[in-house]
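Chemist: missing the sequence, but the structure's below:
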C-alpha cells in the first residue's frame, strides 16, 4: 500500500477512511483528527490548564503526546490502583514516558489515600473489580483536578470505548447515561455557590479508533504497557468491543457511523433524562453528590464514601472475627 | 521453516507455514485484523504486506477492557 499523502511506503491502513499512511503522515493524520475534535466540540483552549488521566496504556499516553505537540498546557495524573505487578509496570510506563518527554506527572496511590487497593475493595465489597476501579478513578481524577486547580480533565477514551459504552447503554436502554454520553462534560457547581463540583471533562480521542491509538503509540516510540489488566477477564465492555470489532471488520465505518450518528441524530433526544438534580457536598468528604431523594445522613454521602465505608466496615468485621476466633481457640 | 509469530496476553510463540501475506496469516490464525497490529522488526505492517519464510512477526491486540468511566459519574 502507498501513503495517501506522499505515495511513500504505507505502514498503517484505515479501512473506514479507505486510506493508508506512512509513519509521518499517520502521525499528522492522528494529530489533525484530535485537533478537529478539540475544535468541533469546544473542548479546551491553549490557555486552559489540562490534567490528563494516564494509566501507562497506549490511549492515555498517546493523547498526552498529541496534546503536548499541539502546544497545550498539560500535566498528567497517575493513580496507583494496587493491582500487584501490573500496577507497578503501568506506573513505570507512565513515569518513563513523562521523563522522556519532559512532562509533568502527579502520582497518587489508592492505598495511601484511602487504605485499600482495587483487589481488596472488590473482595471487601463483593463487587466486580472493574466497578470499584471505575468509581475510584472518577473520584480521584476529579478530586486531583479540583485540588490542583486544573481547568479541564482529559481522558484517553477513544472511538472504540465510546461505541462500546453506547452499545451497552442501548442494550439496557439506560436513557440517563445515553443523555450524558458526550465528548465533553461541562463543569458543574455545588448548590447555589460558586465552587466547582465537577471539573470539565473531555475526550479528545473520540475520532480515533483503538487500533489507531496503538499504531500511533508504536510509531511515536511510546513504550506503553501492552499486557491486559489481570482483573479484566469477563469484562462486559471488552465483550462489546470484540463484537463491534467483528462488525467493523465486515463493514468498515460501522463504529464511526454508530457513535457520530448518535451524537448528531439521537443524543439530544435523551436530554431530559440526563438528570439535573442539584448537587450538594458529601457529608463525609465534601465531594458533590445528588441531593434529590436523600433521606437521612447516610444518603447524603457520595457513592465513593459509601463504598469506602462499606469496605472499612467489612474489614473491621473480619478483624473482629479473627480476634474472637483466636480467643476461642 | 515458517513465519515465527509472537502472540500476546498471554505471551506465546508459534511457527506457521505457508502464509504469504499479513491477511493470509491472520486468516490462518482466525484473528480479526481490526483488533490487532502486526509488527515486524518494530515496524507496522499493512494487511497486504508480503511475509518472508523466516520473518518474526508480533500480533499485538489493541482492544483493552476494564472500567469505563461511563458518563461523568455525576
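Modeler: Looks like it came in fine. Just so you know, these numbers come straight off a predicted model, no measurement behind them. Numbers count the residues shown, from 1 in each chain, chains lettered A, B, ... in the order given.

Chemist: Do you have the strands of chain B handy? List them.
Modeler: With DSSP state E as the criterion, chain B has strands at B:3-7, B:12-16, B:36-40, B:43-44, B:56-61.

Chemist: ditto for chain A
Modeler: Using DSSP E, strands in chain A cover A:12-14, A:19-21, A:49-54, A:73-80, A:104-109, A:152-154, A:184-185, A:188-189, A:196-198, A:200-202, A:279-281, A:288-290.

Chemist: just checking, what's the longest helix in chain A?
Modeler: helix A:303-328 (DSSP state H).

Chemist: I figured residue B:44 hits residue B:37, correct?
Modeler: Yes: counting by Cβ atoms under 8 Å, residue B:44 touches residue B:37, with 6.0 Å between them. For the C-beta atoms, the positions are set from N, CA and C on the backbone; glycine is no exception.

Chemist: Next, show the common contact partners of those two.
Modeler: Taking Cβ atoms under 8 Å, 6 or more residues apart in numbering or on different chains as the criterion, residue B:44 and residue B:37 both touch A:215, A:218.

Chemist: From the structure, what's the count of residues near residue B:50?
Modeler: 11 (other Cβ atoms under 10 Å in any protein chain shown).

Chemist: How many residues are close by the residue nearest to it when sequence neighbours are not counted?
Modeler: Leaving aside its sequence neighbours, residue B:50 sits nearest to residue B:21 (Cβ to Cβ, 6 or more residues apart in numbering or on different chains; 5.7 Å). By other Cβ under 10 Å, 15 other residues sit near residue B:21.

Chemist: list the contacts for residue B:21?
Modeler: Each residue near residue B:21 by Cβ under 8 Å, 6+ apart is listed here: B:47, B:48, B:49, B:50, B:51.

Chemist: what does residue A:203 give?
Modeler: By Cβ under 8 Å, 6+ apart, the residues touching residue A:203 are A:37, A:154, A:155, A:156, A:157, A:162, A:183, A:184.

Chemist: Do you know the pLDDT at it?
Modeler: The model reports residue A:203 with a pLDDT of 98.

Chemist: How about the closest residue to chain B within chain A: what's its closest non-neighbour residue?
Modeler: Chain A approaches chain B most closely through residue A:238 (2.8 Å), counting by Cβ to the nearest Cβ. For residue A:238, ignoring the flanking residues on the chain, the nearest one in space by Cβ to Cβ, 6+ apart is residue B:65 at 2.8 Å.

Chemist: Let me know the pLDDT of the one you found.
Modeler: Listed pLDDT for residue B:65 reads 72.

Chemist: ok, now residue A:285?
Modeler: Note on residue A:285: pLDDT of 88.

Chemist: cool, residue A:157 as well?
Modeler: pLDDT, residue A:157: 97.

Chemist: So it sits against residue A:59, correct?
Modeler: Yes: counting by Cβ under 8 Å, residue A:157 does reach residue A:59; the two are 7.2 Å apart.

Chemist: Mutual contacts of these two, please.
Modeler: Taking Cβ under 8 Å, 6+ apart as the criterion, residue A:157 and residue A:59 both touch residue A:205.

Chemist: in chain A, which spans are helices?
Modeler: In chain A, the helices defined using DSSP H lie at A:23-40, A:58-69, A:84-101, A:110-114, A:118-125, A:129-147, A:159-171, A:175-180, A:210-219, A:236-250, A:254-265, A:303-328.

Chemist: Columns mean neighbour count on top of those, output as TSV?
Modeler: Formatted as TSV, the helices of chain A follow (neighbours: other Cβ atoms under 10 Å in any protein chain shown):
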stretch	mean neighbour count
helix A:23-40	18
helix A:58-69	25
helix A:84-101	17
helix A:110-114	16
helix A:118-125	20
helix A:129-147	21
helix A:159-171	23
helix A:175-180	19
helix A:210-219	26
helix A:236-250	18
helix A:254-265	16
helix A:303-328	13
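
Chemist: who wins for proximity to residue B:60 among those helices?
Modeler: Between residue B:60 and the helices of chain A, the tightest spacing by Cβ to Cβ is seen for helix A:210-219, at 7.0 Å.
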